[in-house]
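>>> can't give you the sequence, but here's the structure:
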């Protein structure tokens, strides 16, 4: 799985958009970008994933650069409950990867401030 | 979405005793489950892969005789911390993924178990 680089921490004002960057310059053509988050003292929660097109769901948007070497997770209107550690993970489609685990980096600790 | 449930969510035990943590997939069958450990302010570290009906696969540096894993059914894996020591105090998390045929691509995680050894 390709290595990812994320800033260790970020702050965001409540109600504003939170933009979390992730660099994955060694990503392969068949690797997806997955985002998970972990609220304090809970298990990780899936947010979104994508291959090369931008994706949006009820939680967030994922913007992937054309060269796929970086991406940005966008929380359009951050709330205090979005305070968590956000993990960017690059790997082949989980449906086709057999029974292999997710490998977590250090992630970005997002603090949403009132 | 699919649900993975862990029990207990929090446990305190004395040094030298054993503690069992259960991980259940509530609405799907999981031939494989994963166990992670997380120390304060650190990321999740994979401990082992639990395989239904066969032996678990442990990551390097994880003692298989200390962390006993049993995956006796398609919906239940257990992690037993034997002869617990204070340094085993940590947040233990399990994960499982519905079969690909169901169309799911994401992994689901239990709510975690906070183990404190005193």
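Thanks, I have the structure now. Worth saying up front: this structure is predicted, and the values here are computed from it rather than measured.

>>> okay, now residue B:14: neighbour count?
Residue B:14: 9 surrounding residues under other Cβ atoms under 10 Å in any protein chain shown. (C-beta placed from N, C-alpha, C; glycine too.)

>>> who touches it in this structure?
B:84, B:117, B:118 (Cβ atoms under 8 Å, 6 or more residues apart in numbering or on different chains).

>>> hang on, the first one packs against residue B:16?
Yep, that's residue B:84 we're talking about. Yes. Shown here, residue B:84 and residue B:16 form a contact pair, counting by Cβ atoms under 8 Å, at 7.0 Å.

>>> who has more neighbours, these two?
Shown here are residue B:84 and residue B:16; by other Cβ under 10 Å, residue B:84 has more neighbours (22 against 10).

>>> for residue A:59, helix, strand, or coil?
At residue A:59 the chain is in coil, as set by DSSP: H, G, I helix; E, B strand; the rest coil.

>>> got the confidence number for it?
Per-residue pLDDT puts residue A:59 at 95.

>>> got the contact list for the closest residue in space to it that isn't next to it in sequence?
Using Cβ to Cβ, 6 or more residues apart in numbering or on different chains and skipping residues adjacent in sequence, the residue nearest residue A:59 is residue A:47, 5.3 Å away. Residues near residue A:47 by Cβ under 8 Å, 6+ apart: A:35, A:36, A:37, A:57, A:59, A:60, A:73, A:86.

>>> ok, the third one touching residue A:83?
Okay, so that is residue A:37. No. Residue A:37 sits out of contact with residue A:83 when judged by Cβ under 8 Å, with a separation of 9.6 Å.

>>> residue A:85 pairs with what?
residue A:38, residue A:109 (DSSP bridges).

>>> what is the three-state secondary structure of the most centrally placed residue in chain A?
Geometric centre of chain A, nearest residue: residue A:35, 3.0 Å, by Cα atoms, centre = their mean. Taking three-state DSSP as the rule, one finds residue A:35 in the strand state.
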